[in-house]
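K.L.:
A predicted structure for the sequence below; I have some questions about it.
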Amino acid sequence: MTEAGRPPYPPFTAETARIKVKAAQDAWNTKDPSKVKLAYTKDSSWRNRDLFLRGRDGIENFLTAKWQREKHYRLRKELFAFEGNRIAVQFWYEWCDEEPGAEWKWWRTYGLEHWTFAEDGLMKERRMSANDVRIEEGDRWFKEGVDVDEVDIWGGRLI
């Protein structure tokens, strides 16, 4: 990736939209904020739940804090819809938090994202809504060593 952009470029097809979604999934699963931020325009605008961010520095700071808090983070994204330079994504991720002196508490986050891309393939807008559900460790989908893309998300699971 250079400052010239990041393929695939809009307008998206079903194939190129899926490629974009899985590239984002793979980048986020590195948990490397300095790498992830490069997929966004320098002035990218985000809404993440109730937080509003602008620019790569804001994105990097947000992700650094997020992944310090959300331990053992594992994410799956799937294409929901696309048109032109926009992609909608459904996602699930699991993580745990640890309170001092307490056991880890596992969570699964369910959500939707709406992305808008610049002509160079960098994301210029990201809007995310999500809900966190407390789960038991035995209920985890994305355990260590499991390929997140191989988990049967669609098998009628509600939690």
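P.N.:
That came through fine.

K.L.:
is residue 128 bridged to anything, and to what?
P.N.:
Beta bridges link residue 128 to residue 48, residue 113 when assigned by DSSP bridges.

K.L.:
which residues of the protein fall in helices?
P.N.:
Taking DSSP state H, the helices of the chain run over residues 14-28, 33-36, 55-69.

K.L.:
buried residues of the shortest one, list them for me.
P.N.:
When you say that, I think you mean helix 33-36. Neighbour-count burial for helix 33-36 flags 33, 36 (criterion: 16 or more other C-beta atoms under 10 Å). From N, CA and C alone the C-beta is placed, and that goes for glycine too.

K.L.:
re earlier: need the winner for burial among the helices of the chain.
P.N.:
helix 14-28 (a mean of 18; mean count of other C-beta atoms under 10 Å).

K.L.:
which secondary structure elements does it contact?
P.N.:
helix 33-36, strand 71-83, strand 86-98 (3 or more C-beta pairs under 8 Å, 6 or more residues apart in numbering; DSSP states H and E).

K.L.:
the last one vs helix 55-69, what angle?
P.N.:
Right, the one you point to is strand 86-98. Relative orientation of strand 86-98 versus helix 55-69 (axes from the mean of the first three to the mean of the last three C-alpha atoms, to 10 degrees): 40 degrees.
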